[in-house]
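Undergrad: Based on what follows, work out the 3D shape:
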Amino acid sequence: MNKKFLIVIAGPTAVGKTAFAVTAAQYFSTEIISADSRQFYKELSIGVARPSEAELSLVKHHFIASHSIHDYFTAGMYELSVIELLNRLFQNHDVIVLTGGSGLYIDAVCNGIDDLPDIDMDIRNKVLERYENEGIEPLVEDLKSIDPAYYQTADLANPKRIFKALEIFYMTGKPYSEFLTNPKKERNFNIIKIVLNKAREELYQQINQRVDMMMETGLLDEARNLYPLRKLNALNTVGYKELFEYFDNKITLKQAIDKIKQNTRHYAKRQITWFKRNNDYTWFDATNKELILQFLQKEIHA
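TA: The predicted model follows:
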């Protein structure tokens, strides 16, 4: 029987995944792989709630500040990189922790992603041109029409996700969601999946407090430094795009902060929807750390 285990710690933004992942990694004397598609980027720190220097010093992390916002990095590329990394890490560890809120990236590691077609640059440019001329709303409506399954779980605040789904459809005539639901790839390790969650009002309060803390610790300056690069896909994301609107004098700073909170709450709701569609997850209240560790220990030694 295979005695190698990947512990997946998923959940909505701001629920406390990073802190618990560090606790779990210390408990099992192991390392952490990030499945947060925004924490990959070394130019983004405060706005993506990157683990603190203290947390990074306690446990070795992978895929934190590992890429540039100028890099082209897909879920398929992430899958291949993580599987290669796991093969190395399992030589020294029986347990590895994978944590993050990007369900697509978690699924890529656990189930695999079918090989997606290379996108014709004409199609990519047409989608981008339409976005620049009309904004994101018409593209979101198109996605809702042609791929309602992916629309239900996609991060609609991230244009890169919308672009990819539309490009795949225009290239193949098949919804992007069909590429994500094909038979699982066999993995040579066991997978234990948990979701951390909290009561909605408590979670939303934590989200609001975290946004306030981000502003207090320098998010405005971080966004201002990135403002000249605002056209990059990696920066069309919650926490930055709202402040770019403020820099463009389209909204006030207070309105920008309120929009960050609102869009983050909406994102958390979509994350919960994504994880609920997968029956492989065991759900826990994020505050029950001892109970969760006992569950993980029991699963590993079953």
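Undergrad: Which of the three states applies to S81?
TA: helix (DSSP: H, G, I helix; E, B strand; the rest coil).
Undergrad: Over to I7?
TA: With three-state DSSP as the basis, I7 sits in strand.
Undergrad: now do K193
TA: Per three-state DSSP, K193 ends up strand.
Undergrad: give me the beta-bridge partners of it?
TA: Applying DSSP bridges to K193 gives these bridge partners: V8, Y281.
Undergrad: Give me the residues contacting the helix-or-strand element of the chain with minimal mean pLDDT.
TA: The helix or strand of the chain with the lowest confidence, counting by mean pLDDT, DSSP states H and E, is helix 176-179 at a mean of 83. Counting by Cβ atoms under 8 Å, 6 or more residues apart in numbering, helix 176-179 makes contact with 113-114, 116, 147, 149-150, 164-165, 168-169, all of which sit outside it. The way it works is simple: take the backbone N, C-alpha and C, and place the C-beta from them, glycine included.
Undergrad: try it again with 10 Å
TA: The set of residues external to helix 176-179 that reach it, using Cβ atoms under 10 Å, 6 or more residues apart in numbering, is 76, 113-117, 143, 146-154, 161-162, 164-169, 172.
Undergrad: and if you look at stretch 209-223?
TA: If you take Cβ under 10 Å, 6+ apart as the criterion, stretch 209-223 is touched by 13-14, 43-49, 224-225, 230, 235, 238-244, 246-247, 253, 256-265.
Undergrad: and the residues you listed, which are buried?
TA: Among the contacts of stretch 209-223, the ones that count as buried by 16 or more other Cβ atoms under 10 Å are 13-14, 43-49, 230, 235, 238-244, 246, 256-257, 259-265.
Undergrad: D94 is in contact with K4, isn't it?
TA: Yes - with the criterion set as Cβ atoms under 10 Å, D94 and K4 qualify as a contacting pair; they are 5.9 Å apart.
Undergrad: Show me which of the two is the more surrounded one.
TA: K4 (18 against 13; other Cβ atoms under 10 Å).
Undergrad: Can you tell me how far the more buried one is from L98?
TA: The gap separating K4 from L98 is 13 Å, by Cβ to Cβ, to the nearest Å.
Undergrad: Identify the contacts common to the two.
TA: Common neighbours of K4 and L98, using Cβ under 10 Å, 6+ apart, are 86, 191.
Undergrad: picking up where we left off before, what residues do D94 and K4 have in common as contacts?
TA: In contact with both D94 and K4: F189, using Cβ under 10 Å, 6+ apart.
Undergrad: quick one: L253 from L44, how far?
TA: Between L253 and L44 the computed distance is 20 Å (Cβ to Cβ).
Undergrad: V59 now?
TA: Using Cβ to Cβ, we find V59 at a distance of 21 Å from L44.
Undergrad: Kindly report the same for Y240.
TA: With the distance defined as Cβ to Cβ, Y240 ends up 8 Å from L44.
Undergrad: anything in contact with each of these two?
TA: Overlap between the contact sets of Y240 and L44, as judged by Cβ under 10 Å, 6+ apart, is given by 38, 222-223, 226, 234.
Undergrad: Which member of those is positioned nearest I83?
TA: R38 (21.3 Å; Cβ to Cβ).
Undergrad: surely that closest one meets F63?
TA: No - in this structure, R38 sits apart from F63 without contact. The criterion is Cβ under 10 Å, and the distance is 11.0 Å.
Undergrad: Determine the residues that are contacts of both of the two.
TA: Counting by Cβ under 10 Å, 6+ apart, the residues touching both R38 and F63 are G100.
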